[in-house]
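> please work out how this folds:
(one chain, ligands or ions: 2)
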Amino acid sequence: MKIAVLSGKGGTGKTFVSVNLAVTAKNAAYIDCDVEEPNGRLFLKPKNIKAEEIFTLLPHVLEEKCVGCRECVELCRFNALSFIKNKPFVFPEVCHSCGACSRVCPTQAIYEVKRPIGVVERGNRGSVEVVTGILNIGEASGVPVIHKALETKTLSGGIMVIDCPPGSACTVMESVQSVDYCILVVEPTAFGLHNFKMVYELVSLLQKPCGVVINKEDHAYAQLESFCKENKIPVLCRIPYKEKLAQIGAKAGVACEEDEETKKLFSTLLDTIKMEVEK
Ligand code: SF4
Ligand code: SF4
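Ligands and ions are numbered 1, 2, ... in the order given. Now for the predicted structure:
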């Protein structure tokens with residue numbers, strides 16, 4: 001069973017929910033696809049880490065073979081090639097490694113070279129496999145790193161919890177492609193609801209079943225309740241605003257291991273999700 005945990009913005013509690021869900025499930029893989037800011041490992045503190053470098057292919061122009069026809073520059077829809085001093089020049093940061101330019105070149109003046117863009121680390125915290133995608137600073141797209149992290153296989157009967165990037169960009173779409181269910185984490189505020197609507201639109205477009213976890217709830221926010229009701233989005237769990245949870249988070253602890261109420265909450269959440277997936 002693959003579960004994606006999403007939120008409209010950073011700081012909503014997406015990693016908190018993902019980490020606690022994976023620890024509660026025990027037979028689980030936690031996949032951190034928030035590759036620009038992978039924080040789950042700070043709480044899970046995985047052991048036995050093995051790192052794999054991730055590469056993309058970058059076009060390289062052999063000047064002596066180039067006849068200056070500009071076909072490659074005109075073809076590149078990402079504007080990653082520019083014609084400078086009668087030769088094509090590649091901007092690595094915006095290249096999407098689609099390979100089109102090398103295929104179109106009539107003189108085979110372009111060949112592709114490997115370029116490192118990040119790392120996928122694999123370790124474990126007891127029975128929980130911890131997979132962390134890490135994008136190198138300055139890279140434009142984390143999709144290849146996410147793709148590699150998601151190649152993880154869970155043990156029989158296990159659950160994969162995917163901690164998605166915040167927002168609704170293409171990295172989020174990549175993270176939720178093959179999931180069975182999406183958990184949307186939201187704070188009960190006007191700003192929280194605004195961002196939540198964008199993520200809800202994305203999972204609806206992808207036709208993924210979803211439910212809501214309301215985090216840091218100190219009061220019922222009427223507009224959020226009505227939005228969920230109108231769109232028939234089930235509220236899976238309400239995590240109360242509690243000083244103790246902030247204290248556990250501040251020292252990088254795992255709340256379901258240190259707070260009895262949170263332990264029960266996540267155990268019930270896990271059962272609820274299993275029922276939702278089987279519907
Ligand atoms: S590989 Fe694709 S994105 Fe990169 S420069 Fe060539 S055509 Fe453009
Ligand atoms: S397509 Fe090939 S020959 Fe034409 S400008 Fe690009 S590199 Fe040069």
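
> now do residue 110 against residue 95, distance only.
According to C-beta to C-beta, to the nearest Å, residue 110 and residue 95 sit 12 Å apart. From N, CA and C alone the C-beta is placed, and that goes for glycine too.

> give the residues shared as contacts by these two.
Shared between the contact lists of residue 110 and residue 95 (criterion: C-beta atoms under 8 Å, 6 or more residues apart in numbering) are residues residue 59.

> who's residue 2 bridged to?
Beta-bridge pairing of residue 2 under DSSP bridges involves residue 160.

> give me the distance between it and ligand 1.
Between residue 2 and ligand 1 the distance is 30 Å, computed by C-beta to the nearest ligand atom, to the nearest Å.

> give me the buried positions along the lowest-mean-pLDDT helix or strand in the chain.
None of the helices or strands of the chain scores lower by mean pLDDT, DSSP states H and E than helix 170-176, at a mean of 86. Neighbour-count burial for helix 170-176 flags 171, 172, 173, 174, 175, 176 (criterion: 16 or more other C-beta atoms under 10 Å).

> residues touching the second one, list them.
Yep, that's residue 172 we're talking about. 6, 164, 165, 199, 202.

> just checking, what packs against the host helix or strand of the last one?
It stands for residue 202. Element membership of residue 202, judged by DSSP states H and E, is helix 190-205. With contacts taken as 3 or more C-beta pairs under 8 Å, 6 or more residues apart in numbering; DSSP states H and E, helix 190-205 sits against strand 2-7, helix 170-176, strand 181-186, strand 210-217, helix 222-230.

> okay, the angle between the last one and helix 190-205?
For helix 222-230 and helix 190-205, the angle between their directions (axes from the mean of the first three to the mean of the last three C-alpha atoms, to 10 degrees) works out to 20 degrees.

> relative to strand 181-186, how tilted is helix 222-230?
In terms of direction (the same axes, to 10 degrees), helix 222-230 departs from strand 181-186 by 160 degrees.

> which strands and helices sit next to helix 222-230?
Helix 222-230 sits against helix 190-205, with contacts defined as 3+ C-beta pairs under 8 Å, 6+ apart.

> mind listing the strands for the protein?
Using DSSP state E, the strands of the chain run over 2-7, 28-32, 47-61, 81-84, 87-90, 110-125, 128-135, 159-163, 181-186, 210-217, 235-240.

> in a markdown table, list the ones you listed along with mean pLDDT and distance to residue 269.
Output for the strands of the chain, formatted as a markdown table (pLDDT from 0 to 100; distance: least, C-beta to C-beta, whole Å):
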| stretch | mean pLDDT | distance to residue 269 |
| --- | --- | --- |
| strand 2-7 | 95 | 10 |
| strand 28-32 | 96 | 13 |
| strand 47-61 | 95 | 26 |
| strand 81-84 | 93 | 49 |
| strand 87-90 | 93 | 47 |
| strand 110-125 | 95 | 19 |
| strand 128-135 | 96 | 16 |
| strand 159-163 | 95 | 11 |
| strand 181-186 | 96 | 8 |
| strand 210-217 | 95 | 7 |
| strand 235-240 | 95 | 4 |
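
> possible to save those strands as a markdown table with mean neighbour count?
Shown next, in a markdown table, are these (neighbours: other C-beta atoms under 10 Å):
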| stretch | mean neighbour count |
| --- | --- |
| strand 2-7 | 27 |
| strand 28-32 | 27 |
| strand 47-61 | 14 |
| strand 81-84 | 14 |
| strand 87-90 | 16 |
| strand 110-125 | 17 |
| strand 128-135 | 25 |
| strand 159-163 | 26 |
| strand 181-186 | 26 |
| strand 210-217 | 22 |
| strand 235-240 | 18 |
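
> distance to residue 267 added to the ones you listed, as CSV?
Below are the strands of the chain laid out as CSV (distance: least, C-beta to C-beta, whole Å):
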stretch, distance to residue 267
strand 2-7, 15
strand 28-32, 13
strand 47-61, 25
strand 81-84, 54
strand 87-90, 52
strand 110-125, 18
strand 128-135, 15
strand 159-163, 13
strand 181-186, 15
strand 210-217, 14
strand 235-240, 11
